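A.B. asks: I'd like to go over a predicted model; first the sequence, then the structure.
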There are 2 protein chains.
Amino acid sequence: MTELNVDLQNKCNVGDEADVEKDEDLVTPWDVVSKSETGVDYEKLISRFGCSRIDSDLIARMAKLINGPVHHLLKRQIFFSHRDLNKILDRYEQGKPFFLYTGRGPSSKALHLGHLIPFMFTKWLQGTFNVPLVIQLTDDEKYFWKNIPLEETIELARENAKDIIACGFDIKKTFIFNNWNFVGSCPSFYQNIGRILRLVNNNQVRSIFGIGKDADCIGKTFFPACQAAPSFSSSFPFIFDGKKDVPCLIPCAIDQDPYFRLTRDVAPRLGFPKPSLIHSSFFPALQGVKSKMSASETNSAIFLTDTPKQIKDKINKYAFSGGGTTVEEHQAKGGNCDIDISYQYLTFFLDDDEKLEEIRKSYSAGTLLTGHLKKELITILQKLVAEHQERRKQVTDEMLDEFMKLRKLDF
Amino acid sequence: MTELNVDLQNKCNVGDEADVEKDEDLVTPWDVVSKSETGVDYEKLISRFGCSRIDSDLIARMAKLINGPVHHLLKRQIFFSHRDLNKILDRYEQGKPFFLYTGRGPSSKALHLGHLIPFMFTKWLQGTFNVPLVIQLTDDEKYFWKNIPLEETIELARENAKDIIACGFDIKKTFIFNNWNFVGSCPSFYQNIGRILRLVNNNQVRSIFGIGKDADCIGKTFFPACQAAPSFSSSFPFIFDGKKDVPCLIPCAIDQDPYFRLTRDVAPRLGFPKPSLIHSSFFPALQGVKSKMSASETNSAIFLTDTPKQIKDKINKYAFSGGGTTVEEHQAKGGNCDIDISYQYLTFFLDDDEKLEEIRKSYSAGTLLTGHLKKELITILQKLVAEHQERRKQVTDEMLDEFMKLRKLDF
């Protein structure tokens, strides 16, 4: 096996539930279902996907390089896995440029809390490393997979982009694009898509994604090339002056990894650097850690458009509790933070380490009751969502157009 | 079976020699091989493909509508088959607009005589009906099928475009584009490609084209949507002001029909008119009517870059003769025009009906010898090629850029 194929060694058939071993979690870009009560076994996933754990040495190296603390999502190993992150840190150390690439599939108008995670973290990366960022909205993907008219997928992409902008990205360093418009506005991007289309065969698409079956539309077979192409700096000549060798770092949830295994396989054959990746775990549904939050299951999700009352009601009603069934039992046995959704959400949104640890201890000991834990979370989320809504209101169509304009970025 | 599926009723598996019945000719966009000494059986092909013969009534209708004689390629039934040509004539009669769409796959720098045929005929159609014309250069197709670097396919497209321009197209009514640049310059075109990608499944691509096998690159599965999309006026908003309902007429060799069967299948589901077609037979190789002229077999072809001497030598040496093996035999039995390549070429390039008929009679009777017939052809082709070369020299890069510029056309 040559070095070129290393990324595809672990190309387990992820695309189809039937292809997954009985005791394995199903993790694909379209479905995440855990077989265990404690959620996806990320250690097994790392070994199946062939990526690497972000260990304390790597975190320490990053902290030293940036001369300050790393983001709590990294410290708490919510971003837990990577590919070649060291290579990006090497470049940073040497003062050489890289860029960030992330994205979103716009299938619903309102984003939920889980959607925020990669953007919160990416914003921190952008600010910390002072690098350009490209954000892809895969409206074409949603058109191929869902029964949504094409014009509506573009509208959803624009609505979602406003939420993304409201996360606070730097307009001078951020380019946001939707595929339906950008592929048709940048010959270099389409040409890179074409280069990928020639290097990937039907067998690979089938084994990596489980797509390409007889009745599948050919758009699904085509799409992986669209998600791969922004990994290459030559897809953005207006940003990188036609440079082909600027590598990127992709922060994403680990279900997106199959796209980038494919990308890393074709990159050297095109003379482009392989993208590096940094993977997050999934943001769980209110109902529990077995499945991820989903916009299509309204009661599983807290949306960025929810009112304070909706947030309070949903958490009180649906957030799965790891506490005892009675106060007495809870005080006797203590709560289980590993499966308690309210506690889990706090690990994502409460950046105060000491306070989080205090909550963990008292909840585990049974001195903090579920109701109080939920109250803590409700206050934090009501504030977070209200502030987001306030910033979202400030995002005008003109601002959006400026973010989406093909232009030079500062870096 | 619904009306929608009529065009796919006859979706015989054309893509693979193994799929073709023993006594059937192989006719695909990539290969044409006849099983018979007299060449492809076009009558059988019409019935297999489900298109219609251009009969004398249709020719008479056209002559009446244009108030003059039809082109000799039509009169001689070299353009012999059609789909819905009557609908285009109806529109012309009603004074409603339509447009012409044709193209070329740029796999070689020099065009040969066979490549000229659709363009000669299309130029006549454009002049006669006074309609806009779009010409697609499928450099992406050649990249997916041949081992040519992407940049080189673009260069070939530009070189071929100069030859096409030298055929005398009206710059005010003609838009020429290569896919690598145009897909990336026109969101409406990419969006129509996407609409087609969603409506076509792997099974259809496999049964219509024989592509999509395990080891085939996914670019091949994607490409048919690129050749289909220019059939729709909404792909060219700068020409048609966003109108979706202007139908097109596609003059092409009949091996391209599979692409447009697919197009006609998806058109009504997208709310677009089905394209009409007018099919030519193949321009035969010098070696005989069993196969078509091919640029990759140099001795089978007369190129538009050949010198007068090369033309003379190739015809004298290679042009398959339907005459007797000796002068005596020829005078006794006469020549067979049906398989005589020199005579066949005259039917394409000698527009004087009387002279052609005189040649046919005297050659069939054995009074005209092969050497004299070849001399007649050599004179005509030397003139034709020299004149083409002269016009080709006048085509500048600036002129080419103007033809390829996204702009309004006059009509």
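C.D. replies: That came through, no problem.

A.B. asks: now name the helix or strand holding residue A:90.
C.D. replies: Assessed by DSSP states H and E, residue A:90 sits inside helix A:85-93.

A.B. asks: what about that helix, average pLDDT?
C.D. replies: Regarding helix A:85-93, the rounded mean pLDDT is 98.

A.B. asks: what's the first helix or strand after it?
C.D. replies: Helices and strands here follow DSSP H and E; after helix A:85-93, the next one along the chain is strand A:99-104.

A.B. asks: from what I can see residue A:85 touches residue A:54, true?
C.D. replies: Yes: counting by C-beta atoms under 8 Å, residue A:54 is a contact partner of residue A:85 at 7.1 Å. C-beta: built from backbone N, CA, C; applies to glycine.

A.B. asks: so which bits of chain A are right by chain B?
C.D. replies: A:140, A:143-144, A:150, A:180-181, A:183-191, A:194-195, A:197-203, A:205-206, A:212-219, A:221-222, A:225 (C-beta under 8 Å from any C-beta of the partner chain).

A.B. asks: in ChimeraX, select just the buried ones from those.
C.D. replies: A single ChimeraX command selects the buried members of those (16 or more other C-beta atoms under 10 Å in any protein chain shown):
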select /A:140,143,144,150,180,181,183,184,185,186,187,188,189,190,191,194,195,197,198,199,200,201,202,205,206,212,216,217,218,219,221,222,225
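
A.B. asks: what is the distance between stretch A:401-410 and the centre of its chain?
C.D. replies: Taking C-alpha atoms, centre = their mean, to the nearest Å, one finds the center of stretch A:401-410 at 23 Å from the center of the full chain.

A.B. asks: other residues contacting it?
C.D. replies: For stretch A:401-410, contacts defined as C-beta atoms under 8 Å, 6 or more residues apart in numbering or on different chains pick out A:132, A:161, A:165, A:169, A:171-178, A:181, A:185-186, A:238-239.

A.B. asks: related to what we said a few turns ago, quick check: neighbours shared by residue A:85 and residue A:54?
C.D. replies: residue A:278.

A.B. asks: quick one: which helix or strand includes residue A:61?
C.D. replies: Counting by DSSP H and E, residue A:61 is part of helix A:56-66.

A.B. asks: model confidence over the next helix or strand after that helix, on average?
C.D. replies: Per DSSP H and E, helix A:56-66 leads on to helix A:72-75 as the next helix or strand towards the C-terminus. In this model, helix A:72-75 has an average pLDDT of 96.

A.B. asks: tell me which strands the helix or strand just after helix A:72-75 pairs with, and in which orientation.
C.D. replies: Reading on from helix A:72-75 to the C-terminus, the next helix or strand found by DSSP H and E is strand A:79-83. Its sheet considered, strand A:79-83 pairs with strand A:52-53 (antiparallel), strand A:276-280 (antiparallel) by DSSP bridges.

A.B. asks: any residues touching strand A:79-83, and which ones?
C.D. replies: Contacts for strand A:79-83 (C-beta under 8 Å, 6+ apart): A:7, A:42, A:45-46, A:49, A:51-54, A:58, A:71, A:73, A:121, A:251, A:254, A:260, A:264, A:274-281.

A.B. asks: PyMOL command to pick out the buried ones of those residues?
C.D. replies: Entered in PyMOL, the line below selects the buried ones among the contacts of strand A:79-83, by 16+ other C-beta under 10 Å:
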select buried, chain A and resi 7+42+45+46+49+51+52+54+58+71+73+121+251+254+260+264+274+275+276+277+278+279+280+281
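
A.B. asks: how about residue A:71, phi and psi?
C.D. replies: Dihedral pair for residue A:71: phi -60, psi 150, per degrees, to the nearest 10.

A.B. asks: show me what the worst-scoring helix or strand of chain A on mean pLDDT is packed up against.
C.D. replies: Lowest by mean pLDDT, DSSP states H and E among the helices and strands of chain A is strand A:32-33, with a mean of 79. Where contact means 3 or more C-beta pairs under 8 Å, 6 or more residues apart in numbering or on different chains; DSSP states H and E, strand A:32-33 is packed against strand A:288-292.

A.B. asks: before we move on, back to that, in the helix holding residue A:61, what's buried?
C.D. replies: Applying 16+ other C-beta under 10 Å to helix A:56-66 flags A:58, A:59, A:61, A:62 as buried.

A.B. asks: ok, stretch A:228-241 next?
C.D. replies: For stretch A:228-241, the neighbour count (16+ other C-beta under 10 Å) marks A:228, A:229, A:230, A:231, A:232, A:233, A:234, A:235, A:236, A:237, A:239, A:240 as buried.

A.B. asks: show me what the longest helix seen in chain A is packed against.
C.D. replies: Among the segments of chain A that qualify as a helix by DSSP state H, the longest is helix A:370-393. In terms of contacts (3+ C-beta pairs under 8 Å, 6+ apart), helix A:370-393 is packed against helix A:150-166, helix A:308-318, helix A:341-349, helix A:353-365.

A.B. asks: run the chain-centre distance for that helix.
C.D. replies: 21 Å.

A.B. asks: so which of the helices and strands packed on helix A:370-393 gets nearest residue A:37?
C.D. replies: Closest approach to residue A:37 among the helices and strands packed on helix A:370-393 is made by helix A:341-349 (12.8 Å; C-beta to C-beta).

A.B. asks: quick one, the closest one and helix A:308-318 angle?
C.D. replies: 130 degrees (axes from the mean of the first three to the mean of the last three C-alpha atoms, to 10 degrees).

A.B. asks: how big is the angle separating helix A:341-349 from helix A:353-365?
C.D. replies: 170 degrees.
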